[in-house]
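[1] Below: sequence and its predicted model.
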Amino acid sequence: MHDDSYYKNLGFKCGLEIHQRLATKHKLFCSCSADTPNDQQIGQITRKQRAVAGELGLVDRSTSFESSRKRSFVYNVFKSTSCLVDIDEEPPHKVNPEAMESALRFASAFNLKVPDEIEPMRKQVVDGSDPSSFQRSMMVAFDGYVEVNGRKVPIPSMFLEEESSGIEGTKDETVFYNVDRIGIPLVEIDTDPSISNPKEAKQVALKIGAILRLTGKKHGGLVTSDVQRGIGTIRQDVNVSIAQGTRVEMKGLQDIEYMDILIENEVERQVKLVEIKKMLLGKGASVPGDAKDLSKTMAHATGKIITESLSHDGIVLGALLRGFGGMLGMEINPDRRLGSEISDYAKMAGVKGIIHSDEDLGKYGISSELITSIKKELGAKDGDAFILVTAQRSMCELATGFALDRARMALSTVPPETRAVADAKKGTTRFMRPLPGGSRMYPETDAEPIEVSARHYDKIKADTVYMDERIAKIRKELNNQQLAEQLAYSTRLQLYEYIISKVKDVNLVVAATLLEKVRELERSGITFDMDRDVMAEIFAKYSRGEITKAAIGEIIKYSPRSTADIDRVIKSKSLSRISGAKLGDIIKSLGSKEKGDALREVMSKYRFNVDGEELNNMLGGKT
């Protein structure tokens, strides 16, 4: 971990894009369900996509790159969670007012200003994640901030937009997507690039996530959440650059725990790439020309990758990298080298990767004699390197072209890229596509602008419960700061709030049960999905003295579905509370045993039935 001066000297800049899916009933521009259960698939559609000019008349570099990959996309469509709007066969309906209200509530939570009129836009997306090749997006607020450690981190913009399709898998040059989640509303909150180090980035992300989860709407004495919870419902994109490098966007980090490691490694990657560039230029390195067909020569290789490719009408292309000898194997991140970066580009054409001369070529069945032949055909000298790509001709040519483009970039720049998280724990990323620019945006002509009145925005603010207010209430209820903090960030906060609204004076017991006992049951393999009214009734029975605190977890273990189910479990498992005269009779049956022995004997036999405090009080007279 480096100190702040290290990042400052590098000219480090970092900004975040937080994408949070909203908990609405319907999608953003249609009436399909915004929940994504195991819906019934009713068909498939197949499409190809190509890049077109944006509002400024230019074709964006990222969409141009994706279009050049010449892939086909197959979309699985579903009965209740997809419709003609999702597949761009019907114009969008009016914007979902529930989603807009949630977005404006978050605008107020992040101290943002709201324009008088919100303009829906289209953002080109030709990686196949949207059947229409664009995503609808609108800036709903601007010029706000989030306060972290006493510093106001600017939030220049917040967007309300559609979720993308979920990728199902790939086969050769075809990618399969599910459109059940496409169109679910989400908000994107963008910070400016003033974050000063990886640790602060993580703190900012955690604060934004907390505000999103804990800001809600007043509803009958409770607070309703505006966001979905669970894996995939929130994603953090991180933008990082250094002075001699460039801006790189890292997409799809779902676990904030590894954010600082990811940023540290991206800085290190750019530092190493700058060093490699200087070394290459010092050696007079170049990428002199196009690839050569080495299929006849490579027919003598014995490795599986090459022999299988050639036996299925594939070819092998080789390309010279002048002065790159020893550089392709230079490590830039854990288990990542310059060769890995070049290979990532080749993979965009559908190949498994490249073979390069800094590797142990023996593992590919390439002998030293064959290496000599390859070098001769390519005109390689001492200090040079080469790459090999094998696949069917069209794919091989496209892959080799991508690889050579990346090799040329190593001589001039750290390429501006969108990168995907490859291994969160190691903090490594892989190339996805060139970094997009502004050329992929253009107006959505099928959706009307949305007017926002000051009165409407003020009403939303008045109905909002903010994070600080909510946490303060929990602390007061529990009088236990540590438990309150855990509960505030728990997925079960709303369940806690509902139960204590129905049952009085059980706050601490409810919180401890949800945070500790339920977690213990889940670790033992028990699924917790009980109805909230059933849960409330269990605690009501405890409040009325019908069961003990220890019995609560035992009852939950059997997942009762109704009040009658609770009674059945209590009866069949003998979980009713033993108290008063009945407890006194048990104590009398122990005779003259000392208090400690009596306490242990009763609790060992009736631990789910007897309240420890009551037993201790009744044993008070014993010696």
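    Okay, I see it.

[2] alpha carbons only for contacts and neighbour counts from here, please
    OK.

[3] Count residues in the vicinity of residue 572, would you?
    For residue 572, the count of nearby residues is 9 (other CA atoms under 10 Å).

[4] and it, how far is that from residue 555?
    11 Å (CA to CA, to the nearest Å).

[5] before we move on, what about residue 38?
    In terms of CA to CA, residue 38 sits 29 Å off from residue 555.

[6] which of the two has more neighbours?
    The neighbour comparison of residue 38 against residue 555 (other CA under 10 Å) goes to residue 555, with 21 against 9.

[7] which residue sits closest to the more buried one in space, ignoring its chain neighbours?
    Setting aside the residues directly before and after it, residue 555 is nearest to residue 569 in space (CA to CA, 6 or more residues apart in numbering), at 6.5 Å.

[8] Quick check: buried residues in the host helix or strand of that neighbour?
    Assigned by DSSP states H and E, residue 569 falls within helix 563-572. By neighbour count with 16 or more other CA atoms under 10 Å, helix 563-572 contains the buried residues 566, 567, 569, 570.

[9] how near is the second one to residue 383?
    For residue 567, the distance to residue 383 equals 81 Å [CA to CA].

[10] And the last one, by the same measure?
    Relative to residue 383, residue 570 is positioned 79 Å away (CA to CA).

[11] and if you look at the third one?
    If you measure residue 569 against residue 383 using CA to CA, the figure is 77 Å.

[12] Could you chop the protein up by domain?
    Here the domain parsing of the chain from automatic domain parsing is 4-36+46-279, 286-410, 466-572, 580-618.

[13] Throw those domains into JSON lines and include distance to residue 451 and mean pLDDT, thanks.
    As requested, these are exported to JSON lines (distance: least, CA to CA, whole Å; pLDDT from 0 to 100):
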{"stretch": "domain 4-36+46-279", "distance to residue 451": "4", "mean pLDDT": "91"}
{"stretch": "domain 286-410", "distance to residue 451": "42", "mean pLDDT": "96"}
{"stretch": "domain 466-572", "distance to residue 451": "25", "mean pLDDT": "93"}
{"stretch": "domain 580-618", "distance to residue 451": "60", "mean pLDDT": "87"}
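
[14] who's in contact with residue 531?
    residue 561 (CA atoms under 8 Å, 6 or more residues apart in numbering).

[15] Can you get me a residue count around the nearest residue in space to residue 499 that is not next to it in sequence?
    Excluding the flanking residues, the one nearest residue 499 by CA to CA, 6+ apart is residue 536, at 4.9 Å. Neighbourhood size, residue 536 [other CA under 10 Å]: 21.

[16] tell me the contacts of residue 536?
    By CA under 8 Å, 6+ apart, the contact set of residue 536 is 498, 499, 500, 502, 503.

[17] chain center to whatever helix or strand the third one lives in, what's the gap?
    The reference is to residue 500. Using DSSP H and E, residue 500 sits in helix 493-502. Remark: helix 493-502 is offset 28 Å from the chain centroid, using CA atoms, centre = their mean, to the nearest Å.

[18] same thing with stretch 299-316?
    Distance, centroid of stretch 299-316 to centroid of chain: 39 Å (CA atoms, centre = their mean).

[19] now swap in stretch 531-550 and tell me
    Distance of stretch 531-550 from the chain centroid (CA atoms, centre = their mean) equals 36 Å.

[20] Now do the closest residue to residue 504 other than its chain neighbours: how many residues are near it, please.
    The shortest distance from residue 504 to any non-neighbouring residue, by CA to CA, 6+ apart, is to residue 543 (7.8 Å). Using other CA under 10 Å, residue 543 has 16 other residues around it.

[21] for residue 256, same thing?
    Counted with other CA under 10 Å, residues neighbouring residue 256 total 18.

[22] For it, which residues are in contact?
    Shown in contact with residue 256 (CA under 8 Å, 6+ apart): 202, 205, 206, 236.

[23] Show me just the buried residues among those residues.
    For the contacts of residue 256, a burial check counting by 16+ other CA under 10 Å picks out 202, 205, 236.

[24] ok, of those residues, which one's closest to residue 47?
    Set against residue 47, the nearest of these by CA to CA is residue 236 (29.2 Å).

[25] Please, where are all the helices along the stretch 351-500 of the chain?
    368-378, 393-409, 454-462, 467-478, 481-488, 493-502 (DSSP state H, counting those that start in this stretch).

[26] Highest mean neighbour count out of those helices?
    With neighbours defined as mean count of other CA atoms under 10 Å, the helices of the stretch 351-500 of the chain peak in mean count at helix 393-409, which reaches a mean of 21.

[27] Check which helices and strands that helix is in contact with.
    Under the contact definition 3 or more CA pairs under 8 Å, 6 or more residues apart in numbering; DSSP states H and E, helix 393-409 sits against strand 314-321, helix 338-347, strand 385-392.

[28] Just tell me which of those ends up closest to residue 576.
    That would be helix 338-347 among these, by CA to CA, at 63.6 Å.
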